[in-house]
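A.B. asks: based on what follows, work out the 3D shape:
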Amino acid sequence: MQAKKTTPSKALAEIEKACEEIKKLQPISDEIVSYAKQASYGEVTYTKDESYFGPKVHNTWGKKQRGRVHIDIGSEGYHLMLDRHASLRFIEFIKKVRC
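C.D. replies: Below you'll find the model as predicted:
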C-alpha cells in the first residue's frame with residue numbers, strides 16, 4: 001500500500017495571508033536588518049545579495065529535502081525565510097518598532 005501524499009494547504013493559506021499583510025506594511029531595509037539580527041536559527045541566512053527583495057511566498061514542500069512553505073524577504077545581505085510562526089513574529093516586530 002502506497003503512503004498518502006500530504007500537501008501543505010493549511011500552512012500555504014496562512015503564509016499567503018501573512019505575506020499579504022507584510023506587503024501592506026512595506027517593511028524598510030532597517031526593519032528587516034533589525035529583525036534578522038535577533039532572528040532564530042533557521043529564520044535567517046546571510047547572502048552576498050545586498051539588494052532588497054520580497055516578500056514572496058516560496059514553496060519548497062516536496063521539492064527538496066526538508067522543504068517547507070515560507071516567505072522570502074531580504075535586504076543588506078540578510079535573507080529571511082519566515083515560516084507561518086516566524087511570519088507572525090515578523091509582523092508583530094514591525095508593528096512594535098513603528099509604535
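A.B. asks: how about residue 27, secondary structure?
C.D. replies: coil (DSSP: H, G, I helix; E, B strand; the rest coil).
A.B. asks: distance check, it against residue 52.
C.D. replies: Using Cβ to Cβ, to the nearest Å, residue 27 is found at 9 Å from residue 52. Using the backbone N, CA and C atoms, a C-beta is placed for each residue, glycine as well.
A.B. asks: ok, now residue 99?
C.D. replies: From residue 99 across to residue 52, the span is 23 Å (Cβ to Cβ).
A.B. asks: send the alpha carbons of the helix or strand residue 86 falls within over as PDB?
C.D. replies: Element membership of residue 86 [criterion: DSSP states H and E] is helix 84-98. The C-alpha coordinates for helix 84-98 follow below in PDB (Å, rounded to 0.1, in the frame of the first residue of the first chain):
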ATOM      1  CA  ARG A  84       4.000  30.500   9.400                       C
ATOM      2  CA  HIS A  85       5.100  31.100  13.000                       C
ATOM      3  CA  ALA A  86       8.100  33.300  12.200                       C
ATOM      4  CA  SER A  87       6.000  35.400   9.700                       C
ATOM      5  CA  LEU A  88       3.600  36.300  12.600                       C
ATOM      6  CA  ARG A  89       6.600  37.200  14.800                       C
ATOM      7  CA  PHE A  90       8.000  39.400  12.000                       C
ATOM      8  CA  ILE A  91       4.600  41.200  11.500                       C
ATOM      9  CA  GLU A  92       4.400  41.900  15.300                       C
ATOM     10  CA  PHE A  93       8.000  43.100  15.300                       C
ATOM     11  CA  ILE A  94       7.300  45.600  12.500                       C
ATOM     12  CA  LYS A  95       4.200  46.900  14.200                       C
ATOM     13  CA  LYS A  96       6.100  47.200  17.600                       C
ATOM     14  CA  VAL A  97       9.000  49.100  16.200                       C
ATOM     15  CA  ARG A  98       6.700  51.600  14.500                       C
END
